[in-house]
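Q: this one's structure only:
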């Protein structure tokens, strides 16, 4: 499912400056130089058990932002698509093997020499929550579909994919709770009070291919806090009891393995 297409030049909300750090022009040049030494993706050799073999089925460059900052050289900007395979623990509920989360954004040099970015979209399908709405050991959804529960990630209004300070990426999220008994507005996190991820990289990035470009990296966040669910109707208290919300730092965790690919805007125009 595609979220509302909120676009913004991401800025470090702690300093108010355009995101920099690893996102400098020099760093980008060095990154591309490293990529030139990586092998091309072998045709017909995809391992169906490796998430990398599934990445390109989630890539859609039609989501690339078109409203870039004024005065930039569009040929030096690229549209980057990241497909993430994640495990979330939100309060007392673990949701392993979340369905892929696809993030699309643009990044490149600004006229003042710093690096900028523009958010595009977040797409994700809902993942069933083990135990359904009641939390029984055996998921009751098969016997009574009304008791099923699924969780669907959505964009929460802020993203910084360049990294600032100790954060190697920041993303505000909401999690829509999908159940016939909860209505359409039930979410964990809101635009005003999102679940704020501050991802730390877990090891170096690995270039898997240059043609097409494909890079893998892992990240995690063990510091996030999770607000109570809201707008769940008469079952709001039940939902919060089920998830153990609100949850303090240390009670939730996300681990994340991501694969990203990209095209420069001149390549997009040519296509």
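A: That came through fine. The structure presented is a predicted model; accordingly, all values stated were derived computationally and were not measured.

Q: any weak-confidence spans in the stretch 151-271 of the chain?
A: For the stretch 151-271 of the chain, the stretches flagged by pLDDT under 70 are 164-166.

Q: Tell me how far the nearest residue to residue 182 once chain neighbours are set aside lies from residue 110.
A: Leaving aside its sequence neighbours, residue 182 sits nearest to residue 232 (Cβ to Cβ, 6 or more residues apart in numbering; 4.9 Å). For the C-beta atoms, the positions are set from N, CA and C on the backbone; glycine is no exception. Distance of residue 232 to residue 110, computed by Cβ to Cβ, to the nearest Å: 42 Å.

Q: And residue 135, by the same measure?
A: 49 Å.

Q: now residue 122
A: In this view, residue 122 and residue 110 are 24 Å apart by Cβ to Cβ.

Q: same thing with residue 184?
A: Residue 184 is 39 Å from residue 110, by Cβ to Cβ.

Q: between those two, who's got more neighbours?
A: Counted by other Cβ atoms under 10 Å, residue 184 and residue 110 do not tie: residue 110 has more neighbours, with 19 against 8.

Q: And the nearest residue to that one once chain neighbours are set aside, which helix or strand is it part of?
A: Setting aside the residues directly before and after it, residue 110 is nearest to residue 116 in space (Cβ to Cβ, 6+ apart), at 4.4 Å. Assessed by DSSP states H and E, residue 116 sits inside strand 115-124.

Q: in the stretch 1-150 of the chain, which spans are strands?
A: Counting by DSSP state E, counting those that start in this stretch, the stretch 1-150 of the chain has strands at residues 78-90, 93-95, 101-109, 115-124, 127-128, 150-160.

Q: so can I have JSON lines of these showing mean neighbour count?
A: Below are the strands of the stretch 1-150 of the chain laid out as JSON lines (neighbours: other Cβ atoms under 10 Å):
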{"stretch": "strand 78-90", "mean neighbour count": "22"}
{"stretch": "strand 93-95", "mean neighbour count": "18"}
{"stretch": "strand 101-109", "mean neighbour count": "23"}
{"stretch": "strand 115-124", "mean neighbour count": "24"}
{"stretch": "strand 127-128", "mean neighbour count": "18"}
{"stretch": "strand 150-160", "mean neighbour count": "22"}
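
Q: Quick one: closest of those to residue 249.
A: strand 78-90 (12.8 Å; Cβ to Cβ).

Q: The closest one packs against which elements?
A: Contacts defined by 3 or more Cβ pairs under 8 Å, 6 or more residues apart in numbering; DSSP states H and E place strand 78-90 against strand 93-95, strand 101-109, strand 253-264, helix 265-270.

Q: Which one of those lies nearest to residue 146?
A: strand 93-95 (19.0 Å).

Q: and the closest one, which strands flank it?
A: Sheet pairing of strand 93-95 (DSSP bridges) gives strand 78-90 (antiparallel).

Q: Between strand 101-109 and the partner strand, find me the angle.
A: Here strand 78-90 runs at an angle of 140 degrees relative to strand 101-109 (axes from the mean of the first three to the mean of the last three Cα atoms, to 10 degrees).

Q: Now do strand 78-90 against strand 253-264, angle only.
A: Going by the same axes, to 10 degrees, strand 78-90 makes 170 degrees with strand 253-264.

Q: List the buried residues for stretch 194-210?
A: Going by neighbour count (16 or more other Cβ atoms under 10 Å), the buried part of stretch 194-210 is 194-199, 201, 207-210.

Q: Closest to residue 59 out of the residues you listed?
A: residue 209 (13.0 Å).

Q: what element comes up after the strand or helix carrying the closest one heading to the C-terminus?
A: Assigned by DSSP H and E, residue 209 belongs to strand 206-210. Note on strand 206-210: by DSSP H and E, the next helix or strand toward the C-terminus is strand 213-221.
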